[in-house]
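Enquirer: A predicted structure for the sequence below; I have some questions about it.
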Amino acid sequence: MKTYFKYIAIIIIQIITVTKVTSAQSVWQWQSPQPTGNFMWALDFVDENTGYAAGDVGTVMKTTNGGMSWESKIVDMNFRAYGMHFYDADFGFLCGTDNGKLYRTTNGGENWTVVLTAGVTMWDVDFPTRHTGYAVGLNGRIYKSTDSGLNWTQQSGGTNTFLFSVDFIDSLNGAIGGGRILLKTTNGGLNWVAQNLTFNQPFSQVFSLNYIDQNHIYGLVASEDSLYKTTNGGQSWFGQVIQRLDSDINRTISFINPNTGIMATDYGRIKRTTNAGVTWIIDETFKPNYPQIGVLLKTEFVNNSIAYVSGSGGRVIKSTNGGQNWFTTTGGRYNYNSNFFINQNTGFTAGNDGKILKTTNAGLNWIEKQSNTIQNLNEVTFADENTGYVCGDTGTVLKTTDGGENWEKLSINVNVNLNSIDFLDLQTGIVVGKEGKILKTTNSGSEWITINSGVTSELLELNFPNTQNNSTGYIIDEIRTLKSTDRGNTWSLILNGGGIGMYFVDSLTGYSTGGSGIILKTTNGSINWITQSGGVIDNLNGIYFIDKNNGYSAGNGGAVTKTTNGGTTWIPQTRLTNNNLNSVFFTDADNGYITGDFGTLIKTTNGGLVFISSNSETTPEDFALYQNYPNPFNSSTVIRYEINRPGNVELKLYDITGKLVSTLVKEVQERGSYSVLFSPESNEMQLQSGVYFYTLKYESENILTKKLLYIK
């Protein structure tokens with residue numbers, strides 16, 4: 001062992017004298033919304049100017065000017081924050097998933113330290129004083145700290161049910177809400193007393209709780225649409241029914257006094273009461289026109305005038321008149337379903353509620369264009385730089401002839417939802433949709449004729465490969481493929497293939513995506529399909545290939561996966577978001593764009609130089625470096641390593657003389673198992689065949705090295 005490390009040390013010393021280290025860039029970044037589009041489950045303001053929101057992928061946002069601007073940082077990408085409380089502008093806590101972590105900051109969120117790992121998801125945290133705090137979670141977990149959160153002691157609440165909310169008015173008097181239970185203490189948790197509430201359903205949950213003053217405690221039971229209240233400190237309780245509209249769940253409440261409060265709902269409504277919840281005034285400004293859940297998640301009344309609501313798409317909404325009117329300070333709202341670029345800088349995105357966005361600077365800014373429709377728009381394509389088309393619900397087809405500045409609706413004489421559109425040239429286009437509809441134009445959309453598909457299923461994707469003779473095209477429904485060899489005049493049914501998204505590299509080679517991360521590939525024009533694993537378990541919605549080897553697919557839960565060898569292997573990338581992703585488009589080998597739900601627009605500018613997938617569930621006994629696979633390799637190989645705690649990690653590749661070839665990883669990483677895709681051909685490294693060494697350096701002192709063989 002001593003000889004081994006000595007030999008490695010000599011190599012490293014030689015390398016340092018002749019090389020300059022370059023950092024690997026991150027893969028995907030937010031373009032819109034800024035600074036993030038992740039779900040914000042938690043929200044807390046210390047005053048009307050300084051506040052925080054936190055949620056998916058360990059994202060924490062902060063404002064110091066009342067929401068006029070926000071900045072964000074990621075605490076831990078494997079963590080979802082459900083609860084948050086700041087005692088003042090600097091001193092705060094986060095709790096949530098990843099084995100029930102509870103984080104602490106003392107410098108306004110610049111740094112976070114894990115102070116508790118509960119073993120179950122923690123849902124809420126509250127500090128009534130700087131020294132005394134409480135946190136609650138699943139399986140009846142209650143924790144208390146008396147030293148400003150440095151140490152935590154578990155308390156017994158006499159229940160094993162899920163606990164979702166905690167609120168204290170001082171260090172002794174507090175309440176907890178959970179599954180068919182509301183607990184109250186008057187002695188700092190030495191004793192917790194279940195309150196005498198009569199729940200109406202077996203799965204009733206006190207999901208949101210306000211301990212307003214010594215007499216008033218309000219608990220929202222979402223499944224019952226009821227507000228349970230006491231006005232005498234818990235001596236007696238009564239329930240108050242809240243009207244539910246179109247299955248919309250009431251999610252969270254915040255009361256500034258016993259009479260005045262706000263409520264947010266799953267579909268995006270904001271409700272306001274000034275008579276202790278007897279009646280509610282409903283604001284539907286932020287409810288999408290299409291059904292969508294998780295739109296609004298958390299409420300916060302700061303003072304009699306200022307209130308905030310957080311939710312999906314990184315959104316934070318604000319009121320300055322006690323909840324009477326609201327406006328968005330940050331975040332996205334609409335689902336974007338498709339994107340298309342006509343050159344390196346100019347591109348378009350189409351989405352729900354008739355949204356069309358245009359960029360002329362490679363996505364740095366996106367400008368909304370008037371579509372003159374509120375229908376959901378499902379796909380956008382361009383026949384040349386000026387002429388473009390969009391298809392959407394209820395027979396919507398739009399056309400532009402001035403580069404997307406203005407759009408007109410075409411008459412197509414169908415009312416079904418249209419899902420996909422493609423133009424073979426300036427005159428010839430095809431659109432497909434529900435009920436097996438195929439329509440074709442040969443005069444740039446002035447007239448459309450119906451083509452017999454032979455099926456009545458919903459047709460999801462249409463693709464004519466961009467080849468010199470593009471007479472061959474394909475359509476898929478969920479389980480089958482249709483094929484045309486005469487520019488879409490006739491279609492034959494092939495009883496295999498199918499999926500959600502589709503892309504053909506040429507007339508014979510194509511891919512389709514589906515559920516559970518499955519990708520199908522054909523090399524003989526859809527006669528046979530080979531099943532590939534996308535390396536993820538999520539539904540994959542969109543797929544795009546730059547060339548015959550390099551392709552990307554994106555799907556639900558923020559899944560993005562890449563291949564550099566024509567789908568033989570797919571490597572999942574680190575998730576920037578948990579939002580569903582719907583469409584992928586690349587303008588060249590480096591620059592790619594993905595659209596998704598809740599206003600998601602993300603971009604890569606390095607074509608995936610390093611793609612890392614991490615799993616924080618794995619905790620090695622020590623840091624480890626594994627043999628690459630495959631080895632020897634030709635086009636790409638995967639390098640795996642593990643680290644047991646957060647630290648500075650460097651993964652580098654050297655040639656046999658000790659010269660640095662590439663820095664694959666150079667960043668601070670959380671504990672876990674990592675996989676790195678190394679593809680010299682896709683990154684134009686021009687390596688020669690031969691032996692190379694890859695070295696893992698952890699915290700600048702621990703080094704492991706292995707050998708790989710590249711055959712060009």
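Expert: Okay, I see it. Residues are numbered from 1 along each chain as shown.

Enquirer: now the helices for the stretch 451-600 of the chain?
Expert: Assigned helices in the stretch 451-600 of the chain: none (criterion: DSSP state H, counting those that start in this stretch).

Enquirer: which stretches of it have low pLDDT?
Expert: For the stretch 451-600 of the chain, the stretches flagged by pLDDT under 70 are 467-468.

Enquirer: Could you list the domains of the protein?
Expert: Domains of the chain are assigned by automatic domain parsing as 2-24+612-710, 40-330, 336-604.

Enquirer: So for the second one, mean pLDDT?
Expert: Averaged across domain 40-330, pLDDT comes to 96.

Enquirer: Between the two ends of it, what distance do you get?
Expert: 11 Å (C-alpha to C-alpha, to the nearest Å).

Enquirer: how far out from the middle of the chain is it?
Expert: 22 Å (C-alpha atoms, centre = their mean, to the nearest Å).

Enquirer: coming back round to it: want to throw the domains of the chain into a markdown table with mean neighbour count?
Expert: C-beta coordinates here come from the backbone N, C-alpha and C atoms, glycine included. Putting these into a markdown table (neighbours: other C-beta atoms under 10 Å) gives the following:
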| stretch | mean neighbour count |
| --- | --- |
| domain 2-24+612-710 | 16 |
| domain 40-330 | 20 |
| domain 336-604 | 20 |
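
Enquirer: and these as JSON lines, adding distance to Pro33?
Expert: Listed next are the domains of the chain as JSON lines, based on distance: least, C-beta to C-beta, whole Å:
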{"stretch": "domain 2-24+612-710", "distance to Pro33": "24"}
{"stretch": "domain 40-330", "distance to Pro33": "5"}
{"stretch": "domain 336-604", "distance to Pro33": "5"}
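
Enquirer: Out of the ones you listed, flag the one nearest Ser32.
Expert: With C-beta to C-beta as the measure, domain 336-604 is the member of the domains of the chain nearest Ser32 (4.2 Å).

Enquirer: now for the closest one, what's the gap between its first and last residues?
Expert: For domain 336-604, the end-to-end distance is 18 Å (C-alpha to C-alpha).

Enquirer: Check stretch 570-584 too.
Expert: Stretch 570-584 stretches 16 Å from its first residue to its last (C-alpha to C-alpha).

Enquirer: and what of stretch 493-510?
Expert: 16 Å.

Enquirer: again, but for stretch 334-350
Expert: End to end - C-alpha to C-alpha - stretch 334-350 spans 10 Å.

Enquirer: nearest to Gln31, of the domains of the chain?
Expert: So among the domains of the chain, domain 336-604 is nearest, using C-beta to C-beta, at 4.4 Å.

Enquirer: Work out the gap between that closest one and the centre of the chain.
Expert: How far domain 336-604 lies from its chain's middle: 21 Å, per C-alpha atoms, centre = their mean.

Enquirer: Output the below-cut-off pLDDT ranges for the stretch 601-712 of the chain.
Expert: Using pLDDT under 70, the stretch 601-712 of the chain drops low at 608-622, 656-658, 681-685, 700-703.

Enquirer: What segments of it are strands?
Expert: Using DSSP state E, counting those that start in this stretch, the strands of the stretch 601-712 of the chain run over 612-615, 624-625, 637-643, 647-655, 660-669, 672-678, 690-698, 702-710.
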